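Novice: Next comes the sequence, and after it the predicted model I'd like to discuss.
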2 protein chains.
Amino acid sequence: MSHQSALTAYIAAFVAELVHTGIKDVVVSPGSRSTPMAMVMAEHPGLNLHIHVDERSAAFFALGIAKASGRPAALLCTSGTAAANYFPAVVEARYSRVPLLVLTADRPHELRDVGAPQAIDQMDLYGKHVKWFSDMALPDESADMLRYARMVCGRAAALAIQAPAGPVHLNFPFREPLIPHLENEQLFELAERAEGFVSVTQGKRSLDQEALKRIVSELGAYENGIIVCGELDNEAFSCKVEQLAEALGYPVLADPLSQLRSEGNSGDWVVDAYDAFLRFEHAKQWLKPDVVIRFGAMPVSKALTIFLKENRDARQFVVDGGGGWLDPHALSTEMVYCDEALFCEGLLSLIDKKQPTNYAGQWLKLNSLAKAAMDAEMDRDKMNESLVYRELPELLPEGASLFVGNSMPIRDLDSFFWLNDKKINVMANRGANGIDGVVSTALGASLYGGPMYLVVGDLTFYHDMNGLLPAKLYNMDLTVIVINNNGGGIFSFLPQAGQARNFERLFGTPLDLDYTHVVEMYGGTFTRVEDWISYRDAILSAKSKRGLKVIEVVTDREENAADHRRLWAAVSREISGLGDAVE
Amino acid sequence: MSHQSALTAYIAAFVAELVHTGIKDVVVSPGSRSTPMAMVMAEHPGLNLHIHVDERSAAFFALGIAKASGRPAALLCTSGTAAANYFPAVVEARYSRVPLLVLTADRPHELRDVGAPQAIDQMDLYGKHVKWFSDMALPDESADMLRYARMVCGRAAALAIQAPAGPVHLNFPFREPLIPHLENEQLFELAERAEGFVSVTQGKRSLDQEALKRIVSELGAYENGIIVCGELDNEAFSCKVEQLAEALGYPVLADPLSQLRSEGNSGDWVVDAYDAFLRFEHAKQWLKPDVVIRFGAMPVSKALTIFLKENRDARQFVVDGGGGWLDPHALSTEMVYCDEALFCEGLLSLIDKKQPTNYAGQWLKLNSLAKAAMDAEMDRDKMNESLVYRELPELLPEGASLFVGNSMPIRDLDSFFWLNDKKINVMANRGANGIDGVVSTALGASLYGGPMYLVVGDLTFYHDMNGLLPAKLYNMDLTVIVINNNGGGIFSFLPQAGQARNFERLFGTPLDLDYTHVVEMYGGTFTRVEDWISYRDAILSAKSKRGLKVIEVVTDREENAADHRRLWAAVSREISGLGDAVE
């Protein structure tokens, strides 16, 4: 067998199998060692190749594709630090349970750890942050080795999807010469099992009737229950959990990433303003739960977290189809490893609908009052961060995707993006909550689903400006709302805000950047809005033109913190006005 | 003990010790969990804090500081993917043997691996790419634990410097509240061992007389020897190796990063154009060595690498003060673990000066002929990449620092930046040869040493545009020469250049970016030069004004490859013209 023939056959078998697993997107960063894989992939009509020079952004771009499409996205880069640049997105993928297939080219064994150029130790490069690492065999075209390449591909893709989903890393040593033989018209025709090497049928965790009955009986022992839904991407679940809430008579505290605030569901049981009213002792005294059923990641609200910690004696069920341990404050009394939708269905099959209790009514009433109080108090005369989010449900089109940055945007979304009747897919990178890679993740996600709107602070925007490149190169459509408060707005809410010494230098970190320049470089349109009419116009008119549209809302960090305090004070007054009870 | 008091005392002891180890620079990325360390560091008058929002660029900035200052630089970031963004620079530091002290803040033990926000598994985060990882104890102000914090600090800094130098990672779990108590005026006064906890005296590897005599005697058995110097940052060595060359009568093949081309040394024995004439069989036949002494990393020249591989029967001594294995082609017959300067000194003390041989003369003669041939052939009428480097020794000021990007710039520097009598410190990131972080490394390095000139291609410039931010925020001085050939110029020299299908898409990757915009955003001046007079003017005038100055040289990738071939053809003609011998 010739080197070139083996190289081509081995890689073609792998790539053909990749397509059989259902993977459609590969984000490729240019490089020399990865040449054979890139050239073979480019020949396959079933793959979308996205080229991205910055591997850090490339990996987040792939993460976004996988998040939005529900399928693993693949990554390909050359040897060396290129692969190290994937690390932030790999870590995010692990904790946000997003399937990624990371393919790295490597020097062959004889060029490892001997000072060869662009050769680093790629064994277990991402440590415990991938679900599986495999250093592939060198290219070989024997039938056994083609079977091996296809088997590993199928296995890796399946493992990436298996709950909890996550990243998998395959490392490919390639010897020179690196040019494959592409003249063969049957490049991807497989001699054996032409329809795919191995199909993997993935079961979901489910409970037997006995376990379900025990849980139903335990729940029956408590009067006052709540359901808490954090980030969870499981469409079947959204519908079922509302039915469960109704049947149990439990209100649903719905994090914005639970998708329960805007899925076109009834919303009758949805509580979306708990972050405001759970700041006040009065309300917390009325609302003490006996039992909590929690789904998904921990919600973003700190007020809710404190409330749950204060009610540590409540029975707490944490339901996790991924079999993890999402319980940062050791509050769970029952870990339930069961697919979340199946759990709801199972319970629903066993319980009769309860009469709504006064307790549930209190939650829903306080929720309405809090929203009304904040709504009345919102300053519609000047630009502030709260109203940016309050306006979004009305402004975004049906079926839109809304991606928000970490730090303040996700918190403000939680506080001010309320239940609405549109189907808006709300997304964020909440695995590790980084400010990195957000632009790229949103842009990747924009390939699947409705028109994408991204809300980020200026530091997050700065961090991943490189991520804007594909918008220009591939004429992608993205509307970015940059909340520019010239620095790290979240620190104005933390204890160090009171420590004047070095605050601006260490935490405020004003960058004083005029982003007009960079948006122009990437061929986008830049609109700085100074009032709410222009804000609405800018968002509405962004719908009608394709491309990169950046809308900048300039705010002031201190005024913003004061604005938030003012809104919470309005909620506090409303609650105090209720006297001793909320009937 | 109170939480705040323990937090403050423990961190202050660590920071005081950090300064005692000689570390002066800390690059800090803003974050919440790292608050206590950042706030305490900001109080210490002996530390320069550099704030950088993008942790990837921040880490390369620290790498640059360490490279240029010869001291470890420290890094500080918060928990989560912030730390993962350091990975590319950590990997580069490992392979380029640059001392870094990576300090990451972390959640305390009870918040690890339980779905807490911004918490990732930071144990051994950088795997085998750091020399030491230690998860620090929680803050504690007992005398024993203050001793522990200081001891770990001293040990970590010493280990980072110890040959081979490299990165060390300390992970600090911090509990809330995170605000230290800074009112104490004696914050950094240490109760015990006030002058520093432990001083570390580092010995260098050296050979005893017996080993030296054996090597001298072995060398004596060979007539035709060469010395090959790759990247090596050891000032004492530069001077000694020229003496050794003279004593042995061996020419010195000097990679541009050996610092031997422009250190104001005599240069009598320096061969700097081998990359050109070792491409030709004629020359290679004349120049076959019997013995090779190699110092530093493998030189960048592929022609030289092939020549050494073809002469695999030569005795090859690889001298490495770091005790590594820098021998990608398994050519070494003798690994010598000895400080490079001490090795030269040791040999010099034992040998008498030899008469110059005809063999050495051939090397030097071919070297002059090759340079003269290329010089005569260079096209001074249009912009091309070769002349950019050829002109630099004349244009740069005495004492300048010259940083070059990977891919083409380092290769072109090798080909066209010849021996000169200025002291120009030539630098590059040759640990892993990445195109990432180059702007930041150069900017960090600009803090120590003479005025910094950076030469990069457009893809490398794009990759680390975020790295330009400190130039604006801290009014730093940097001249960047961007060779803009709109894509990956190096691929035009690789075999895939012949494969028209998908070449531009996968390898050429034109970005079509007008960098004027981004340079304006960062407050720099942008000059696009169209002819050599403007090129010289731009570089000369950059000397006279402080700040960020970007000079763009627009070239064409295909024309550039043709230009290189034309220069080598001129060398080939010159060599052929010599007939059968070069006397």
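Specialist: That came through fine.
Novice: give me every residue that touches A:Val270.
Specialist: Shown in contact with A:Val270 (CB atoms under 8 Å, 6 or more residues apart in numbering or on different chains): A:242, A:251-252, A:254, A:260-261, A:419. Where you see a C-beta, it was placed from the backbone N, CA and C, and this is true even at glycine.
Novice: Kindly recompute the last result at 6 Å.
Specialist: Going by CB atoms under 6 Å, 6 or more residues apart in numbering or on different chains, A:Val270 touches A:252, A:254, A:260, A:419.
Novice: Phi first, then psi, for the residue nearest to A:Gly31 when sequence neighbours are not counted.
Specialist: Excluding the flanking residues, the one nearest A:Gly31 by CB to CB, 6 or more residues apart in numbering or on different chains is A:Thr78, at 2.3 Å. With angles defined as degrees, to the nearest 10, A:Thr78 sits at phi -80, psi -180.
Novice: Could you verify my assumption that A:Thr78 touches A:Pro30?
Specialist: No. A:Thr78 lies out of contact with A:Pro30 (CB atoms under 6 Å); the separation is 7.7 Å.
Novice: any chance you could map the strands in the stretch 151-300 of chain A?
Specialist: In the stretch 151-300 of chain A, the segments counted as strands under DSSP state E, counting those that start in this stretch are A:167-173, A:225-229, A:252-254, A:270-271, A:291-295.
Novice: Tell me which of these sits most buried.
Specialist: Neighbour counts (mean count of other CB atoms under 10 Å in any protein chain shown) averaged over each of those peak at strand A:252-254, with a mean of 29.
Novice: name the helices or strands packed onto it?
Specialist: Applying 3 or more CB pairs under 6 Å, 6 or more residues apart in numbering or on different chains; DSSP states H and E, one finds that strand A:252-254 contacts strand A:225-229, strand A:270-271.
Novice: Now do the helices in the stretch 101-250 of chain A.
Specialist: Under the criterion DSSP state H, counting those that start in this stretch, the stretch 101-250 of chain A contains helices at A:143-161, A:209-220, A:235-248.
Novice: Could you save these as TSV and add columns showing mean neighbour count and distance to B:Tyr515?
Specialist: Output for these, formatted as TSV (neighbours: other CB atoms under 10 Å in any protein chain shown; distance: least, CB to CB, whole Å):
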stretch	mean neighbour count	distance to B:Tyr515
helix A:143-161	20	38
helix A:209-220	14	61
helix A:235-248	20	44
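Novice: out of those, which comes closest to A:Ala341?
Specialist: With distances scored as CB to CB, the stretch of the helices of the stretch 101-250 of chain A nearest to A:Ala341 is helix A:235-248 (3.8 Å).
Novice: The closest one - contacts with which helices or strands?
Specialist: Using 3+ CB pairs under 6 Å, 6+ apart: helix A:235-248 touches helix A:340-348.
Novice: angle of the helix or strand that the helix it packs on is followed by against strand A:225-229?
Specialist: Moving toward the C-terminus from helix A:340-348, the next helix or strand (DSSP states H and E) is helix A:358-377. Interaxial angle, helix A:358-377 versus strand A:225-229 (axes from the mean of the first three to the mean of the last three CA atoms, to 10 degrees): 50 degrees.
Novice: got the domain boundaries for chain A?
Specialist: Taking automatic domain parsing as the criterion, chain A consists of the domains A:3-173, A:209-370, A:380-568.
Novice: Is it possible to get JSON lines of those that adds mean pLDDT?
Specialist: Converted to JSON lines, those look like this (pLDDT from 0 to 100):
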{"stretch": "domain A:3-173", "mean pLDDT": "97"}
{"stretch": "domain A:209-370", "mean pLDDT": "95"}
{"stretch": "domain A:380-568", "mean pLDDT": "96"}
